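Enquirer: Okay, sequence plus prediction incoming.
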Amino acid sequence: GKAHWRARWTHKIRIKYTRMLCYAMRRPLRLLAIGALTFVLAGGAVWAGLIRMDFFTFDPMRIFYVNVDMPADAPLEETMRQSVRVERVLRTLLDDQEVRAITTNAGIKFTEVEPLYGDQYGQILVSLHARGASGRSVREIVDALRQPLTALPGDGRISFLEISGGPPVSRAISLKVRADDFDELRAATDAVLEIVNRVPGSRNVEDNDSPGRSELDLHLDYPAVRKAGLSPGQVARLVRLHLDGEIVAFMRDEGEKVELRVRGIPRQQQEIGGVLNDPIALPGGGTTTFRALLKADTGTSRDTIRHYNLRRAITVEADLDDDGADTVSANRMIRQEWDRIKTNYPNADLDFSGELDDIQESLDAMLGLFLLGLGLIYLIIAAQFRSYFQPLLILATVPMAFTGVVFGLLVTGNPLSLYTLYGVIALTGIAVNSAIVLIDAANSRIAAGMRPLHATIYAARRRVIPILMTTSTTIAGLFSLAVGLGGHSLLWGPVASSIVAGLAVASVLTLFIIPTLYRAFMRGHGPEDFRHSHHIQTTAGD
């Protein structure tokens, strides 16, 4: 019946495994060399960059923004008209089955950091339905929209903003160019933009130095002012009266203080320089204009003057494609290129932030938690086994698990993300179970009177089925998520694949390397070393 079939297969597995173990234990140096070589190869793959490092990889939310940035002096109505034109074209490029809703706004622009307000900002919010089996991802939709929308006629500059499903709030490349002089700051920023554009996989490269409105810079023509019989203060007051006005008195209205302001008649000027043609009455009875008394320069004002650590700063940001450079290597590349040209901008410097700050903070915390976990595992096992060395044998499964994780990421093509590292830390606690079962059973056999060699082989033979069962059930539970049978997840897929591959490799290596190391360590130990020290409760039945 079923019991007979199960017993027959169990017996075959134990016999096959015991034969392979005996073959391996006769060649311990070769076996340990193979284990060390696999670990070195895994470390070399990480060091050589064969494993893509994307610490903050998240499944994107099914929404994205299309930004319509008009010239700084564009009225709100023109911004709205251009945004609606973009929306009409956008609707023709999207499948009705994909779109949940499309909303167009003008006067406000949402970014990953802050909302921006101004008549020149237009933004279209596109909400998508859940992705079907044959549906397009947000990235694929945005890539399909990019060329036709950016080619539309009009003054608006089109850009896209994809929203990820988790941290960080900053983008992959986010660095601040700092300088005290505006001209040098702008020149250094342009040089950094060129560097970022050369980074493999960089896209949506931009800075936050948005232009302001048109401005008129006025300077007094002192000889003309004296010739007209005016003083510089009088000319300045006349300019103020024509444009902003002057407060001449205060009044009270229902208890509230009200200012009485005198100013020129408001006029709709098509250009800011039109005020120069305003007539001015002279003390001698004649008239002149501001144009005869002032020297004027037109230009564009600054929308916002930002500071970072007490210096003026412009932030340069960019996204990275999945098949391009990762965050760490991209920022390293930018730093190296900047070091080559920074002498051209002696008063400017770069401050790297963005994901790098979040990555470093997460890695620092993770390293501490990892060491704490290893320490707790060691203390618990040492207290149970009453041995200082046997816990080290058990913790030898940790590098074996790391080897499996690296090979798993290579096979699946998944990146090494922050959550993948969380999976590695969780795997540390799972992988040691097989070694604990083996060493526990071997200690019990030695305490019962067996020699170390026989106790090692006997314990491995009796525990191979429980180890394979616990490993296979864990792998089976995570296998579909790891390979993406039910849908690929950038967040949980790499976590599952790291646990599956790490546990599979660690279990196989544990079944051969741990008995070999245990036998080498236990040579010269006999039953008397265990009978009076402790009695260990086995964690799995025979």
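Expert: Sure thing, it's come through.

Enquirer: Show me where the stretch 251-400 of the chain has its strands.
Expert: For the stretch 251-400 of the chain, strands defined by DSSP state E, counting those that start in this stretch occupy the ranges 256-262, 279-281, 287-289, 294-302, 307-308, 311-320, 349-352.

Enquirer: which of the ones you listed is buried the deepest?
Expert: strand 311-320 (a mean of 21; mean count of other C-beta atoms under 10 Å). No exception for glycine: its C-beta is placed from N, CA and C like everyone else's.

Enquirer: what sits against the closest residue to residue 324 other than its chain neighbours?
Expert: Among residues not flanking residue 324 along the chain, residue 201 sits closest, at 1.3 Å (C-beta to C-beta, 6 or more residues apart in numbering). Contacts for residue 201 were tallied using C-beta atoms under 8 Å, 6 or more residues apart in numbering; they are 320, 321, 322, 323, 324, 325, 330.

Enquirer: how about the strands of the stretch 251-400 of the chain in TSV, adding mean pLDDT and distance to residue 74?
Expert: TSV is the format used below for the strands of the stretch 251-400 of the chain (pLDDT from 0 to 100; distance: least, C-beta to C-beta, whole Å):
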stretch	mean pLDDT	distance to residue 74
strand 256-262	86	29
strand 279-281	84	31
strand 287-289	87	29
strand 294-302	79	13
strand 307-308	84	27
strand 311-320	87	22
strand 349-352	85	32
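
Enquirer: Is there a quick ChimeraX command that grabs whichever of the contacts of residue 201 are buried?
Expert: Buried subset of the contacts of residue 201, written as a ChimeraX selection, criterion 16 or more other C-beta atoms under 10 Å:
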select :320,324,325,330
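
Enquirer: Helices of the stretch 401-542 of the chain, start to end?
Expert: 418-447, 452-483, 492-522, 528-531 (DSSP state H, counting those that start in this stretch).

Enquirer: what helices or strands is the first one leaning on?
Expert: What that stands for is helix 418-447. helix 355-385, helix 390-395, helix 397-412, helix 452-483, helix 492-522, helix 528-531 (3 or more C-beta pairs under 8 Å, 6 or more residues apart in numbering; DSSP states H and E).

Enquirer: can you pull the buried residues of the third one?
Expert: With burial defined by 16+ other C-beta under 10 Å, the residues of helix 397-412 counted as buried are 397-409, 412.

Enquirer: how about residue 435, what does it touch?
Expert: With C-beta under 8 Å, 6+ apart, residue 435 has these contacts: 393, 394, 396, 397, 510, 514.

Enquirer: Residue 498 now?
Expert: 405, 408, 409, 414, 420, 423, 424, 427.

Enquirer: where do the helices sit along the stretch 201-350 of the chain?
Expert: 222-227, 232-243, 290-293, 327-341.

Enquirer: Relative to residue 24, which of these is closest?
Expert: helix 327-341 (39.0 Å; C-beta to C-beta).

Enquirer: Tell me which other helices or strands the closest one touches.
Expert: Using 3+ C-beta pairs under 8 Å, 6+ apart: helix 327-341 touches strand 173-178, helix 182-197, strand 349-352, helix 355-385.

Enquirer: Try it again at 10 Å.
Expert: In this structure, helix 327-341 packs against strand 173-178, helix 182-197, strand 202-207, strand 311-320, strand 349-352, helix 355-385, with contacts taken as 3 or more C-beta pairs under 10 Å, 6 or more residues apart in numbering; DSSP states H and E.

Enquirer: Return the most buried member of these.
Expert: Taking mean count of other C-beta under 10 Å, strand 173-178 is the most buried of those, at a mean of 25.

Enquirer: Now the phi/psi pair for residue 129, please.
Expert: phi -70, psi 170 (degrees, to the nearest 10).

Enquirer: What is the burial count for it?
Expert: Other residues within reach of residue 129 by the criterion other C-beta atoms under 10 Å amount to 14.

Enquirer: Assign a three-state SS to the nearest residue to it once chain neighbours are set aside, would you?
Expert: Leaving aside its sequence neighbours, residue 129 sits nearest to residue 100 (C-beta to C-beta, 6+ apart; 5.2 Å). Of the three states, residue 100 takes strand under DSSP: H, G, I helix; E, B strand; the rest coil.

Enquirer: Need the pLDDT of residue 100.
Expert: Note on residue 100: pLDDT of 88.

Enquirer: Is it in contact with residue 64, as I believe?
Expert: No - counting by C-beta atoms under 10 Å, residue 64 is not a contact partner of residue 100; they are 11.9 Å apart.

Enquirer: Quick check: neighbours shared by those two?
Expert: 126, 127, 128 (C-beta atoms under 10 Å, 6 or more residues apart in numbering).

Enquirer: Now do the same contact list for the first one.
Expert: Yep, that's residue 126 we're talking about. 62-66, 87, 90-91, 94, 98-104, 138, 141-142, 145, 160.

Enquirer: so what's residue 120 closest to, chain neighbours aside?
Expert: residue 70 (4.4 Å).

Enquirer: what's the longest strand in the chain?
Expert: Ranked by number of residues, the top strand in the chain under DSSP state E is strand 115-128.

Enquirer: This completes my enquiry, with thanks.
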